[in-house]
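Asker: Generate coordinates for the sequence data below:
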Amino acid sequence: MRDLTEDVVNTANNFVQNMQQYFDTPLDYSVESLAEIDEMLDGLGKRREELKKEAFFDLYSMTGCYVFEVARRNYGGEYFWIEEEQQPGLAAGHPDFLVVIKVWEKVKGRLTKGEEDNIPFYIAGYQEHIEIGKTKPGYHVIIA
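Answerer: Now for the predicted structure:
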């Protein structure tokens, strides 16, 4: 879906432009930059109750778009819209295998549940499952 890809890319780019000043290292779409994103989410998660519902959505969806783009640029995949959940997903390997991640959900979890929803670990899992899929035709996993 071309429009969805453009929306995610544009939102990720806007996130970088708006947030780079708050980070010590460049938000350069590298896998390494996710450690700093995770640290930011940890700090904001402790103050989550201060955020209004709309601001909370903006925070996890915009941050999620950056995380999606890190995953897509480094490991591949195509965006699709999950209508019943009102969020994007990223799928890699189709048609030989299928690995799906739902980053908005994971970023929201990082803000609400803490370290158990570690973002670098989550994206490393995406990469690991893609490597498994390359060796096992028909492999199918949704990483929650």
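Asker: And the contacts of the lowest-mean-pLDDT helix or strand in the chain?
Answerer: Taking mean pLDDT, DSSP states H and E as the measure, the helices and strands of the chain show their lowest mean at helix 33-45, namely a mean of 91. Helix 33-45 is contacted by residues 19, 22-27, 59, 63, 66-67, 70, 107, 110-112, 114-115, 118-120, 123 when judged by Cβ atoms under 8 Å, 6 or more residues apart in numbering. Yep, even glycine has a C-beta here, placed from its N, CA and C like the rest.
Asker: could you point out the longest helix in this structure?
Answerer: Scanning the chain for the helix with the most residues, using DSSP state H, yields helix 53-75.
Asker: what's that helix packed up against?
Answerer: Helix 53-75 is packed against helix 2-19, helix 33-45, strand 87-92, helix 103-113, helix 119-135, with contacts defined by 3 or more Cβ pairs under 8 Å, 6 or more residues apart in numbering; DSSP states H and E.
Asker: Now do it and strand 87-92, the angle between them.
Answerer: Counting by axes from the mean of the first three to the mean of the last three Cα atoms, to 10 degrees, helix 53-75 points 10 degrees away from the direction of strand 87-92.
Asker: How far off centre is the least confident helix or strand of the chain?
Answerer: 12 Å (Cα atoms, centre = their mean, to the nearest Å).
Asker: buried residues in that helix?
Answerer: Neighbour counts over helix 33-45 (16 or more other Cβ atoms under 10 Å) mark 33, 34, 36, 37, 38, 40, 41, 44, 45 as buried.
Asker: circling back to that earlier point, C-terminal to the longest helix of the chain, which secondary structure element comes first?
Answerer: Next helix or strand after helix 53-75 toward the C-terminus (DSSP states H and E): strand 78-82.
Asker: Give me the residue ranges of the protein where confidence is low.
Answerer: Applying pLDDT under 70 to the chain flags residues 1-2.
Asker: make it 90
Answerer: 1-2, 20-26, 43-55, 144 (pLDDT under 90).
Asker: Can you give me the end-to-end span of stretch 76-86?
Answerer: 22 Å (Cα to Cα, to the nearest Å).
Asker: list the contacts for residue 114?
Answerer: Per Cβ under 8 Å, 6+ apart, neighbours of residue 114: 42, 45.
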